[in-house]
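Engineer: Build me a model:
(2 chains)
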2 protein chains.
Amino acid sequence: MCELLAMSANVPTDIVFSFTGLAQRGGVTGPHVDGWGITFYEGKGSRTFKDACPSSESHIAKLIKSYPIKSEVVISHIRQANRGCVSLENTHPFTRELWGRYWTYAHNGQLTDYLPKFNVSRYQPVGDTDSELAFCWILEQVAQKFGGTKPEDMLAVFHYVATLAEQIRALGVFNMILSDGEHLMSYCSNNLCYITRRAPFGKAKLIDTDVVIDFDKETTAHDVVTVIATRPLTENEQWHVMQPGNRKLFRLGELLIDL
Amino acid sequence: MCELLAMSANVPTDIVFSFTGLAQRGGVTGPHVDGWGITFYEGKGSRTFKDACPSSESHIAKLIKSYPIKSEVVISHIRQANRGCVSLENTHPFTRELWGRYWTYAHNGQLTDYLPKFNVSRYQPVGDTDSELAFCWILEQVAQKFGGTKPEDMLAVFHYVATLAEQIRALGVFNMILSDGEHLMSYCSNNLCYITRRAPFGKAKLIDTDVVIDFDKETTAHDVVTVIATRPLTENEQWHVMQPGNRKLFRLGELLIDL
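Structural biologist: Numbering: from 1, shown residues only, chains lettered A, B, ... in the order given. Presented below is the predicted three-dimensional model:
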């Protein structure tokens, strides 16, 4: 189907190592050749790099693998198309603005009989994937429930999103990553895992290509970095496998709450 | 202040030549060192590359200058900050979705006493520039006037945007580029010019760096490409200088109408 990758960190951190592993799955060690994308939050700003070609061959992915962009929140996706053709507008992540924040989302899975459910107006999909439509529907529900101004209690917002994700899971496989640039939420339908790295840092070796990193040389003692992925990216670390229906909220690298 | 660059073409065309000239003005031949950005439409999809550092030094700008992305509509901007700090969220172009299309916008100029005018709710700025707030206000007015579905008559939409731009010009300098991915609109407050290239194509030489292109070798006889810029980018071609209050709508490389 697709693979997801996301990061939450308490200091601006680059994702070159993890993305290098993921990008291999876009045509070399995995079949996800129908596009890829990655969104970096830097403060309130964000920027997305995407391509409708395989990540293992993309000139732009090559830049991302060699040019460390420091970010607190990252969401990435490599695509194996099921609903919607191979095109730039169908390439994840998707971004929309709500309450003066960019919300970014990526989905792994496939939904059926979803059109009657997702009635949208304010947020409309540009492409023709089930994924983008579900994202528009989520944001529309959130905007309707909480109104035009960002609520103080953002936990309540993500609790509500979890109930929406639960409804969507009834329509198929729905592994989801969502962020407002501060919080990073994951919803597990069947395939998500995560790891939180903190001092003492060690070495890690990618599964998909022969790259080893010594995090001890790249970090300070105060750094906390969580990486979420569809499948573990490293072979010598213990990843936590999420269970179906599991929904987690991360902030500044830490697990904030099980929603 | 800032400089704008935009392109409308009837076939997917790369903007490497023009962007190479513009990027020089971001720190070498011009003082616009506070960030840069460029949005490419490819079909209904779009992707934006941006950086809060000078375009003449940016690794990502280097990629854009060397990697030809073929696009029908491009909007680019290099920034010299006046309102709003130097940051990614304040870097143009800005994008929002309306009617299932990505709308992209960039502004050159500076507004005063604009806060009472720009009352927004549905579209809210992420950064703190006058430019992004004006964009949110324009889209909010358009959404209110034309409702939740894309109207058949898009000319009426751009005619209305022209009246909004006219109101904004009363608050200061407002050179604007706006696109829904199909149409490219320019509004001239004091500094905009354009050129439409078609067969027979000739050679062009950039003003800002020693680069010459022979368009005859890069095009077919049917190509029509319009480039809009704050100041002419080439020294041996005749650019049309727009007059204050001038508003033009381009589509598929051709001037469609003076709004």
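
Engineer: what about the helices in chain A?
Structural biologist: Using DSSP state H, the helices found in chain A span residues A:16-24, A:59-66, A:130-146, A:154-169, A:215-218.

Engineer: in stretch A:152-168, what counts as buried?
Structural biologist: A:Met154, A:Val157, A:Phe158, A:Tyr160, A:Val161, A:Ala162, A:Leu164, A:Ala165, A:Ile168 (16 or more other Cβ atoms under 10 Å in any protein chain shown). Every C-beta, even on glycine, is put in place using the N, C-alpha and C of the backbone.

Engineer: follow-up on the earlier one: how about the helices of chain A in JSON lines, adding distance to A:Ala199?
Structural biologist: Output for the helices of chain A, formatted as JSON lines (distance: least, Cβ to Cβ, whole Å):
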{"stretch": "helix A:16-24", "distance to A:Ala199": "17"}
{"stretch": "helix A:59-66", "distance to A:Ala199": "26"}
{"stretch": "helix A:130-146", "distance to A:Ala199": "36"}
{"stretch": "helix A:154-169", "distance to A:Ala199": "28"}
{"stretch": "helix A:215-218", "distance to A:Ala199": "8"}
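
Engineer: what's the closest of these to chain B?
Structural biologist: helix A:59-66 (5.2 Å; Cβ to the nearest Cβ).

Engineer: what's in contact with the closest one?
Structural biologist: For helix A:59-66, contacts defined as Cβ atoms under 8 Å, 6 or more residues apart in numbering or on different chains pick out A:16, A:19-20, A:23, A:26, A:36, A:38, A:49-51, A:55, B:59-60, B:63, B:67.

Engineer: one more time with 10 Å, if that's ok
Structural biologist: Under the contact criterion Cβ atoms under 10 Å, 6 or more residues apart in numbering or on different chains, helix A:59-66 has outside partners A:14-17, A:19-24, A:26, A:36-38, A:40, A:49-51, A:53-56, A:58, A:69, A:76, A:78, A:211, B:47, B:49, B:59-60, B:62-64, B:66-67, B:69.

Engineer: Now do the end-to-end distance for stretch A:200-214.
Structural biologist: This stretch, stretch A:200-214, spans 11 Å end to end (Cα to Cα, to the nearest Å).

Engineer: Could you give the separation of that stretch from the chain centroid?
Structural biologist: Put simply, stretch A:200-214 sits 21 Å off its chain's centre (Cα atoms, centre = their mean, to the nearest Å).

Engineer: Show me which residues of it are buried.
Structural biologist: Judged by neighbour count using 16+ other Cβ under 10 Å, the buried positions of stretch A:200-214 are A:Phe201, A:Ala204, A:Leu206, A:Asp208, A:Val211, A:Ile213.

Engineer: residues in contact with the most centrally placed residue in chain A?
Structural biologist: In chain A, the C-alpha nearest the mean C-alpha coordinate belongs to A:Ile75, at 3.6 Å (Cα atoms, centre = their mean). The neighbourhood of A:Ile75, defined by Cβ under 10 Å, 6+ apart, consists of A:4-8, A:15, A:37-41, A:46, A:48, A:92-95, A:104-106, A:177-179, A:184, A:228.

Engineer: again with A:Gly245
Structural biologist: A:Gly245 makes contacts with A:Ala162, A:Ala165, A:Glu166, A:Arg169, A:Tyr187, A:Cys188, A:Ser189, A:Asn190, as judged by Cβ under 10 Å, 6+ apart.

Engineer: Once you drop chain neighbours, what's closest to the second one?
Structural biologist: Translated: A:Ala165. A:Tyr187 (4.1 Å; Cβ to Cβ, 6 or more residues apart in numbering or on different chains).

Engineer: count of residues packed around the one you found?
Structural biologist: When neighbours are counted by other Cβ atoms under 10 Å in any protein chain shown, A:Tyr187 registers 24.

Engineer: If we check chain B, which of the contacts of A:Ile75 are in contact?
Structural biologist: The residues of those that also fall near chain B, by Cβ under 10 Å from any Cβ of the partner chain, are A:Gly37, A:Phe40, A:Tyr41, A:Ser46, A:Thr48, A:Phe94, A:Thr95.
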